[in-house]
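Novice: coords please:
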Amino acid sequence: PFLDLYEAVIESNGQISDVKNLSARLDSKYHESNVAFAPDLKSVYFTRNNIKEEDTKVIEVKDNSPRRGRKRGENTKIIEKDKTINLSIYRADVTYDGTWKNIAPLPFNSKNYSIGHPTVSKDGKKLYFTSDMPGSYGMSDIFVVDIKEDGTFSRPENLGKKINTLGKEMFPFIDENNILYFASDSRKGGFGGLDIYAVKIYENSLSEVIHLGAPINTEKDDFSLIINNDNNQGYFSSNRKGGIGDDDIYHFVANPPVQFECDQLLVGVVKDDNGKTLKDVNISILNNDGKEISSTTTKSNGGYKINIPCDSKIKIVGTKFSYLDDEKELVLENNPEGKAQVDLQLTKIVVCKQSVNLQVQNIRTSKPIPYAMVNVYDMKGRKISTEKADKRGAVNFDLPCSKEFRITATKDKYDNSEILFKSNKGGLTQKAVLNMKLTPDLTEVKILKNKVIVNINPIYFPLNSATITPTSATELNKVVDIMRKYPKLKIEGGSHTDSRGGHAYNLDLSIVEKGERVTAFVVFAEDKVLM
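Specialist: Below you'll find the predicted structure:
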């Protein structure tokens, strides 16, 4: 029997009705299959077996049998009839009433190989098809040609080894999202026979090939899948068990649709308004809803790189303390092998600067402590500056005017120390002293009138916070060490406020939060210390 084309009405549940023979209207006497309409519905492509008479084929073989007048091993020409009929793709114009006219074969058809199974891209600019033409990797491969504006075609191009194998790749279908579905009998992970796969086609690359799995694929032949992206419903053919005939048509609903993981590399350089690269700039990637989906920081050369989802609209935001933020929007293409570059420029905030000269010295002797590490934090806990004292224990830096800061100093064999510091409104260099003392030897703690005397540095809390800072933790650990040495010791903890908040605010924050935080730090279960 001949393969004919049919048309039918698709019901809301996916079933078909009112089936009509389309090939009868074409007055065709040949096999026809796999129809593909152009997006404008004004032209159509379909497969038809090549029309030709029997050809003769000459085969040369080695003849090793001795014959009169011939030498052993000479080539012998054998002439035989070639009854192979290959497939071809035909194109037709479609009139307003659905009639197909001007049916003609495509120019790259050949009697020497098959071309069939056409499918047209959403924009109507590419035609994908199956062929075993020269240049194929296997028994049949998937190729593509460009459809030019004048109706001509480019040379066929093999889609490459990422799709094609040594076996058969057949029945391609390209959907509106540029996902190519095809059948293959030779890919790893297949269930057997022809299985259906999907691959996303980008402008200059391909995604990974996905096996559609069960229930689409079985150990039998599953092939010729098509899908409607509007409702994610489609059809495919299979000779699986339970069918009525040889190859049956099955309906399916894709829920969820096929998903492809795709990340694209985003790179860039951040500079200041003088063209100098900036390190430690925080780079935030925000999605279309303003939610941060990824982040990184710039390196010493001001550069950054980060992987972000393909096919998305994002905003790149660069932030750094004492600089104005910069942001740019970017719409990414569907190109996992592509690279987008977005450079940012952060403008230095021009503010009043107060020069500060800090002296780090021994609290007992008032002598300088050289080479201590000094860190400056704002009252939100953000590090502003890190400097190392010189051999005279001096540190010089600039700070914004009229601001409060927490300055810490650290050095081996010394307790960590800190002070709260408020910069002036500008003018002459402001001086400050940060006293440090040697870490106490607990064996030298003195008991005076049944009281343990140990000196610790003040414990400061950041503004609007009851957080125990690292420096404060060092001081509290001294208390813990003393309590371990004197298990029956009872101590009283308390806190007081400064002038930075209102009376009610300070009272509530001091009693409820700061006291509880100190108590929680000192009291921990494993040592059963009671405060």
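Novice: who does A409 bridge with?
Specialist: Listed beta-bridge partners, A409: V374, S417 (assigned using DSSP bridges).
Novice: was I right about it contacting V374?
Specialist: Yes. Using C-beta atoms under 8 Å, A409 is in contact with V374, at 5.2 Å. No exception for glycine: its C-beta is placed from N, CA and C like everyone else's.
Novice: higher neighbour count, those two?
Specialist: Ranked by neighbour count (other C-beta atoms under 10 Å), A409 and V374 place A409 first, with 25 against 21.
Novice: pLDDT score for that one?
Specialist: pLDDT, A409: 89.
Novice: can you check the one 3 residues further on too?
Specialist: Model confidence at D412, given as pLDDT, is 85.
Novice: Run through the bridge partners of the residue nearest to the spatial centre of the chain.
Specialist: By C-alpha atoms, centre = their mean, the chain has its centre lying nearest to D263, at 3.3 Å. Beta-bridge partners of D263, counted by DSSP bridges, are P309.
Novice: Surely V480 is in a helix?
Specialist: Yes. Under DSSP: H, G, I helix; E, B strand; the rest coil, V480 falls within a helix.
Novice: Run a quick neighbour tally on it.
Specialist: 17.
Novice: got a list of what the residue nearest to the centre of the chain touches?
Specialist: Counting by C-beta atoms under 8 Å, 6 or more residues apart in numbering, D263 touches 307-310, 336.
Novice: Assign a three-state SS to V518, would you?
Specialist: helix.
Novice: pLDDT score for it?
Specialist: The model reports V518 with a pLDDT of 72.
Novice: That one contacts V479, doesn't it?
Specialist: No. Using C-beta under 8 Å, V518 makes no contact with V479, being 9.2 Å away.
Novice: quick one, domains of this structure?
Specialist: Split into domains by automatic domain parsing, the chain comes to 32-50+85-253, 53-83, 263-348, 353-436, 443-527.
Novice: Please name whichever of these is nearest to K20.
Specialist: Distance to K20, taken as C-beta to C-beta, is lowest for domain 32-50+85-253 among the domains of the chain, at 10.9 Å.
Novice: Give me the distance between the two termini of that closest one.
Specialist: With C-alpha to C-alpha, to the nearest Å as the measure, domain 32-50+85-253 spans 27 Å from end to end.
Novice: Tell me where this structure has helices.
Specialist: Along the chain, the stretches classed as helices by DSSP state H are 23-26, 470-485, 503-508, 515-522.
Novice: where among these is the average confidence lowest?
Specialist: The lowest average pLDDT among those, as it happens, falls on helix 503-508, at a mean of 54.
Novice: Can you pull out the low-pLDDT segments for the stretch 201-350 of the chain?
Specialist: 204, 333-338, 350 (pLDDT under 70).
Novice: go with 90
Specialist: Counting by pLDDT under 90, the stretch 201-350 of the chain has low-confidence residues at 201-208, 229-232, 242-246, 254-266, 273-274, 287-295, 306-313, 321-324, 330-340, 347-350.
Novice: cool, and the stretch 351-500 of the chain?
Specialist: Along the stretch 351-500 of the chain, the parts satisfying pLDDT under 90 run over 351-358, 362-366, 378-386, 397-405, 409-500.
Novice: which stretches of it form strands?
Specialist: Using DSSP state E, counting those that start in this stretch, the strands found in the stretch 351-500 of the chain span residues 353-362, 373-378, 383-388, 394-400, 404-410, 417-422, 430-436, 446-448, 451-453.
Novice: So for I316, which of those sits nearest?
Specialist: Closest approach to I316 among those (C-beta to C-beta): strand 383-388, 24.0 Å.
Novice: Direction included, what does that closest one pair against?
Specialist: strand 373-378 (antiparallel).
Novice: buried sites along the partner strand?
Specialist: 374-378 (16 or more other C-beta atoms under 10 Å).
Novice: Could I get the contacting residues of the nearest residue to V253 once chain neighbours are set aside?
Specialist: Excluding its sequence neighbours, the residue lying closest to V253 (C-beta to C-beta, 6 or more residues apart in numbering) is Q233, at 5.2 Å. Going by C-beta under 8 Å, 6+ apart, Q233 touches 14, 227, 251-254.
Novice: which one of those is nearest I459?
Specialist: I459 has its nearest neighbour among the contacts of Q233 in A254, at 62.6 Å by C-beta to C-beta.
Novice: Thought Y235 was touching that closest one, still the case?
Specialist: No. Taking contacts as C-beta under 8 Å, A254 lies outside contact range of Y235: 11.5 Å.
Novice: still on that earlier bit, show me which of the buried residues of strand 373-378 is closest to S385.
Specialist: Relative to S385, the closest of the buried residues of strand 373-378 is V376; by C-beta to C-beta it sits at 4.4 Å.
Novice: what residues are up against that closest one?
Specialist: Contacts of V376 by C-beta under 8 Å, 6+ apart are 383-387, 397, 399, 405-407.
Novice: List only buried entries from the residues you listed.
Specialist: With burial judged by 16+ other C-beta under 10 Å, the buried subset of the contacts of V376 is 384-385, 397, 399, 405-407.
Novice: Would you mind listing the two of those residues that lie farthest apart?
Specialist: Greatest spatial distance in the buried ones among the contacts of V376: F397 and R406, 13.9 Å, computed using C-beta to C-beta.
Novice: Ignoring the adjacent residues along the chain, who's closest to D246?
Specialist: In space, and not counting its chain neighbours, D246 is closest to N239: 5.9 Å by C-beta to C-beta, 6+ apart.
Novice: pretty sure that neighbour contacts S224?
Specialist: No. Counting by C-beta under 8 Å, no contact exists between N239 and S224, whose distance comes to 11.4 Å.
Novice: residue contacts, K403?
Specialist: If you count contacts by C-beta under 8 Å, 6+ apart, K403 has them with 378, 422-423.
Novice: Quick check: which ranges of the stretch 1-150 of the chain have low pLDDT?
Specialist: Scanning the stretch 1-150 of the chain for pLDDT under 90 picks out the ranges 1-7, 12-16, 20-33, 49-86, 96-99.
Novice: returning to that earlier point: need the domains of the chain in JSON lines (columns: distance to K20).
Specialist: Shown next, in JSON lines, are the domains of the chain (distance: least, C-beta to C-beta, whole Å):
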{"stretch": "domain 32-50+85-253", "distance to K20": "11"}
{"stretch": "domain 53-83", "distance to K20": "32"}
{"stretch": "domain 263-348", "distance to K20": "39"}
{"stretch": "domain 353-436", "distance to K20": "75"}
{"stretch": "domain 443-527", "distance to K20": "78"}
